[in-house]
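Trainee: below is the structure, and that's it, no one-letter string:
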């Protein structure tokens, strides 16, 4: 619901939060964990405002907040946000309201809160949570169709797609935070005409533009979460790059799904934007004419009216040559999360309908968020039509898949008339050369 | 390697450990976590001997051990075995040797160690570890062929099977310990001739007879584990029942693999038998004539000579009617792990070849361990040929898939001439009726 924290007229005494196009406006207030760079301090939770961070450990110690907001700040002061996530939506909301008021122009708390600020330029980030289980969904029908054509030309969109919010379990251990650098993976590659596979570095390294959805409160095993309750269990959303080795994937994925083609690395942006901050950017969720309606357990009036989210998304690439020449990352892809075929609430409800228990800090990936047209594709394999149509970069370099040294940046933000601009910050990762055997 | 702890002539001053057919002989010494039943004590690690448990917290406090064995006992004294698992094979081995000596007939430590014993009859068990990631493999070619015929009649064994140790990520949160009771899951079911699916309780509830393999020491991201090192990273093995809803699975599994058909519950036996305890029961690993040899990264002389393990396995069923009539569980299936197509070392090496990092306490499932003949099938769907050939139980009841109230028991043990008998204890789970909507 929209409340005073969303008022686009609000301005902060942290001047950088009021700058044109700032990600971390006072209407945003996302959460991360951080420490001062180069120290061995333990990680602690923080809230972004402009180019600063409100240190929740310092805030909690300062005793500036009362009641549920104080409880929430204390729960967010540790090295992971799991305790804050477990507290539930009323606590997250109380802390947001208290911070919104204390950070506004003219707030009486300014001088005491100022002492709790740390410049973002001075910190390094941790993962927002200890992630127990990571589930990757497949919510873009455009991605499913585009990639289906490449993996199964005769049978691109499988018959279950429009009924089942398809998902699979992902690997938690190799999830890293923005800035992650990882080696090109080795794996079994099999040429179409070869008798058997060989072990070699992947030649078809790709990205997947996704959102990461953090579960807040969980559910007991055997107790599904209904659509009416689903979003109260969601803490917030970040950006997620589900790096993929397409040649390893093509050979390994049948019959049990992707495994080593994904499990070498997954990169998250450090800031988690809460569902409350995203409230102004909700849009209606509907199905194209002729498509089946969701089964009753995946349907609700609220989901139809405002189940989707208009989160604008971009993918940028900076090659080693661009970096050496001081050239900024170049935009390759632009799309929006509004095109997804399944909503956040539907993912939560479907995941638990069999009694599976979610826990605070569990992560969902949205799946690759390709839009309806090919320039909105969320992966290189789609953008280059299976590697057959290279992209030419501004400096003349060509790309089908990623080259060693490539840095990929995901960006996301929300904006609309009558609402503030809020952004997700960058999700950055770099592909390093394969280990020499 | 075989050492003094494997000597079949060893007898313990804990008399129950010397009984004919005892699971927890002095040659076994498996690890679990437990607390006294009905208390709110924290869990602590223990080692089984006969019908008793050596309480590692009490042992550590008593100061009976020295050096690396004392370090290991202290690491095993907490509520999960992860710290002990992280210590590595020399520490596990030192603790095993010290306990083997102290538990032998005539040991000087008897009276002081006696004070650290807790009767198994008085305890309840926890999960052995906090399981970060759970990976389920598919290492029985017989299971893959049998089930492939049912899901894909034209294409039962896919071309990658004999090259790739197929695996997929499983759900950690719903793993429970022996005694687990869980509701029949709801899910989308689609009849072959229906236009769309309906939401209903699964009608094809199945078991999967598997082993659970606990990782001890992990690897750094980007640093694969070679075949030569692989087994030093493995802490030990337990029994695992990968409950499966076949009708949910058939509709949901393409293209990303099983998801809600498995994630409602997975049951482990409490005792983890160490790789060292299993050393006498190793057997040669070989491929049928005409099958491709493993790629070099999945091959080693040690793997060929003794990569496989002869672990005997049974599945038993007790219906509600049998339980009410005081009838013991009835044996349905008997097989051995020696028939697996891929070894433990191959699973570890394959999992990390792409740079994926394993962590202490990570769990692998072996996949359903069907043997070469149909009466060795590790799942009901195979045993009943897709539900078409019911099994008749001794009391006249028939089964294709599980009925509400059915309890399934997995058992496992090793024996051979010139070696002791060691057993895994029971892995027990019960299917409850679906929640009424």
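Mentor: The structure has been received and is ready for your questions. It should be emphasised that the depicted structure is a prediction, and the values quoted were computed from it without experimental measurement.

Trainee: pretty sure residue A:274 is touching residue A:27, no?
Mentor: No: the pair residue A:274 / residue A:27 is not scored as a contact, 11.1 Å apart, by CB atoms under 8 Å. C-beta coordinates here come from the backbone N, C-alpha and C atoms, glycine included.

Trainee: for the residue in the stretch 1-150 of chain A that chain B sits nearest to, give me its contacts.
Mentor: Chain B sits closest to residue A:133 of the stretch 1-150 of chain A, with a gap of 5.3 Å, by CB to the nearest CB. By CB atoms under 8 Å, 6 or more residues apart in numbering or on different chains, residue A:133 lies in contact with A:169, A:172, A:358, A:359, A:362, A:363, B:171, B:172, B:173.

Trainee: from the stretch 251-400 of chain A, which residue is nearest to chain B?
Mentor: In the stretch 251-400 of chain A, the residue that lies nearest chain B is residue A:257 (2.6 Å; CB to the nearest CB).

Trainee: tell me where the stretch 201-350 of chain A has strands.
Mentor: In the stretch 201-350 of chain A, the strands defined using DSSP state E, counting those that start in this stretch lie at A:205-206, A:209-215, A:234-241, A:244-245, A:266-268, A:273-274, A:282-283, A:308-309, A:312-318, A:330-336.

Trainee: please work out how many residues are found near residue A:367.
Mentor: 30 (other CB atoms under 10 Å in any protein chain shown).

Trainee: gap between residue A:175 and residue A:217?
Mentor: Residue A:175 sits 21 Å away from residue A:217, going by CB to CB, to the nearest Å.

Trainee: tell me the gap between stretch A:107-127 and the middle of its chain.
Mentor: 24 Å (CA atoms, centre = their mean, to the nearest Å).

Trainee: with adjacent residues omitted, what lies nearest to residue A:214?
Mentor: residue A:235 (4.5 Å; CB to CB, 6 or more residues apart in numbering or on different chains).

Trainee: that neighbour is in contact with residue A:92, isn't it?
Mentor: Yes: under the criterion of CB under 8 Å, residue A:235 makes contact with residue A:92 at 6.8 Å.

Trainee: now the helices for the stretch 101-250 of chain A?
Mentor: Ranges of helices in the stretch 101-250 of chain A, per DSSP state H, counting those that start in this stretch, are A:110-114, A:141-151, A:227-230, A:246-252.

Trainee: mean pLDDT lowest for which of these?
Mentor: Looking at those, the lowest mean pLDDT belongs to helix A:141-151 (a mean of 90).

Trainee: does chain B sit close to stretch A:426-437?
Mentor: Yes: on the criterion CB under 8 Å from any CB of the partner chain, stretch A:426-437 is in touch with chain B at residue A:435.

Trainee: what is the mean pLDDT for that stretch?
Mentor: On average, the pLDDT along stretch A:426-437 is 91.

Trainee: report the buried residues of that stretch.
Mentor: Under the neighbour-count criterion of 16 or more other CB atoms under 10 Å in any protein chain shown, stretch A:426-437 has A:426, A:427, A:428, A:429, A:430, A:431, A:434 buried.

Trainee: and the contacts of it?
Mentor: Counting contacts by CB under 8 Å, 6+ apart, the residues touching stretch A:426-437 from outside are A:176, A:178-186, A:201, A:205, A:238-241, A:243, A:265, A:267-269, A:402-411, B:222-224, B:355.

Trainee: got a PyMOL select line for the buried ones in those?
Mentor: Burial among those is assessed by 16+ other CB under 10 Å; the matching PyMOL selection reads:
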select buried, (chain A and resi 176+178+180+182+183+184+185+186+201+205+238+239+240+241+243+265+267+268+269+402+403+405+406+407+408+409+410+411) or (chain B and resi 222+224+355)
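
Trainee: pull out the buried positions in stretch A:16-32.
Mentor: For stretch A:16-32, burial by neighbour count (16+ other CB under 10 Å) applies to A:17, A:22, A:23, A:24, A:25, A:26, A:27, A:28, A:29, A:30, A:31, A:32.

Trainee: near chain B, anything from stretch A:397-407?
Mentor: No: Stretch A:397-407 does not reach chain B (CB under 8 Å from any CB); its nearest approach is 13.8 Å.

Trainee: end to end, how far does that stretch reach?
Mentor: Using CA to CA, to the nearest Å, the end-to-end distance of stretch A:397-407 comes to 14 Å.

Trainee: which residues touch it?
Mentor: By CB under 8 Å, 6+ apart, the list of residues contacting stretch A:397-407 from outside reads A:184, A:203-207, A:246, A:317-323, A:329, A:380-381, A:384, A:387-393, A:408, A:428-433.

Trainee: I figured residue A:271 hits residue A:29, correct?
Mentor: No: in this structure residue A:271 lies outside contact range of residue A:29 using CB under 8 Å: 9.8 Å.

Trainee: rewinding a little: neighbours around the residue nearest to residue A:214, how many?
Mentor: Look at residue A:235: counted by other CB under 10 Å, it has 28 neighbours.

Trainee: quick one: mean pLDDT over stretch A:186-195.
Mentor: 96.

Trainee: tell me where chain A is predicted with low confidence.
Mentor: Low-confidence segments of chain A (pLDDT under 70): A:437.

Trainee: which segments of it make up each domain?
Mentor: A:4-126, A:134-432 (automatic domain parsing).

Trainee: next, the distance between the ends of the last one.
Mentor: From the first residue to the last, domain A:134-432 extends over 24 Å; the measure is CA to CA.

Trainee: what do you get for the shortest one?
Mentor: Looking at domain A:4-126, the gap from its leading to its trailing residue is 31 Å under the measure CA to CA.

Trainee: where's it relative to the chain centroid, distance-wise?
Mentor: The gap between where domain A:4-126 is centred and where its chain is centred comes out at 20 Å by CA atoms, centre = their mean.

Trainee: picking that back up, what about the residue lying closest to the residue of the stretch 251-400 of chain A closest to chain B once chain neighbours are set aside, how many residues nearby?
Mentor: Computed as CB to CB, 6+ apart, the closest residue to residue A:257 that is not its neighbour in sequence is residue B:257, at 2.6 Å. By the measure other CB under 10 Å, the count of residues near residue B:257 is 27.

Trainee: understood, closing this out.
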